[in-house]
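*Asks:* Take this sequence and fold it.
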Amino acid sequence: MKKEKEKIMATASALFCHSGIRSITVEDIMKNCSMSKRTFYEYFNSKDQLVEFIIEQWTAKSVRYLSLNRYVSVNAISEMSNFFRITENILRRIKPIFFHELRKYYAGSWKKLDQFRDDALIPFLVQNIDRGHKEEIYRSNIDRDLIGEIHFTCLQIILEDIWMPGVNPERVYREMNMIFLHGLVNIKGMKLMDERRDDD
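*Replies:* You can find the predicted model right below:
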């Protein structure tokens, strides 16, 4: 990918995350890049295509992260906590309007996010629960498929600011994650969580 294209995508991504997609024009993006509008059309057919490329880039990076996280985490609790921390950092940067507009006006890109949830995020959660069972730190009676659907449905509601509008989504998600993780662990896992807190 050429540096100009990378800069356009990074600039557009930052603008979209802060102000939503609809209010940001190609002119706004290129002005912030200090490039001409003509340069934009050397790399993208439209703003819709740019949005699609950004989502593809995000999901590809996330897939790589999920794979790496599995190997660098000492146990299932650490792996899940790392995932939550990264997701909370993402929420800190992205305003709910971005997801609301993506769903409403950019159906193709939203479908890619849905596919990413089904193909990568839910399998990650299921594999993490299996890992927690093998390590004997998660409860043995967890319906892992149902848990995955519940978690990511709640996340989608938070991302779009449908539930509890006006409350900081990152804060809501952090509290939800803490409740979620406490619901997964058994007594042995709870002791590990307490030890992690003592070390922090």
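*Asks:* who touches the helix or strand harbouring residue 98?
*Replies:* Here residue 98 sits within helix 96-105, counting by DSSP states H and E. Applying C-beta atoms under 8 Å, 6 or more residues apart in numbering, the contact partners of helix 96-105 are 16-17, 19-22, 51, 55, 109-110, 113, 156, 159-161, 169. Every C-beta, even on glycine, is put in place using the N, C-alpha and C of the backbone.
*Asks:* can you check stretch 111-131 too?
*Replies:* Applying C-beta under 8 Å, 6+ apart, the external contacts of stretch 111-131 come out as 52, 55-56, 59, 62-63, 66, 70, 75-76, 79-80, 83, 102, 138, 142, 144-145, 147-149, 151-152, 184.
*Asks:* In that stretch, which of the residues would be classed as buried?
*Replies:* Within stretch 111-131, the residues that count as buried by 16 or more other C-beta atoms under 10 Å are 112-113, 116-117, 120-122, 124-125, 128-129, 131.
*Asks:* Which strands and helices lie in contact with the longest helix along the chain?
*Replies:* Taking DSSP state H as the assignment, the helix of the chain that covers the most residues is helix 47-72. Using 3 or more C-beta pairs under 8 Å, 6 or more residues apart in numbering; DSSP states H and E, the elements in contact with helix 47-72 are helix 3-19, helix 76-93, helix 107-116.
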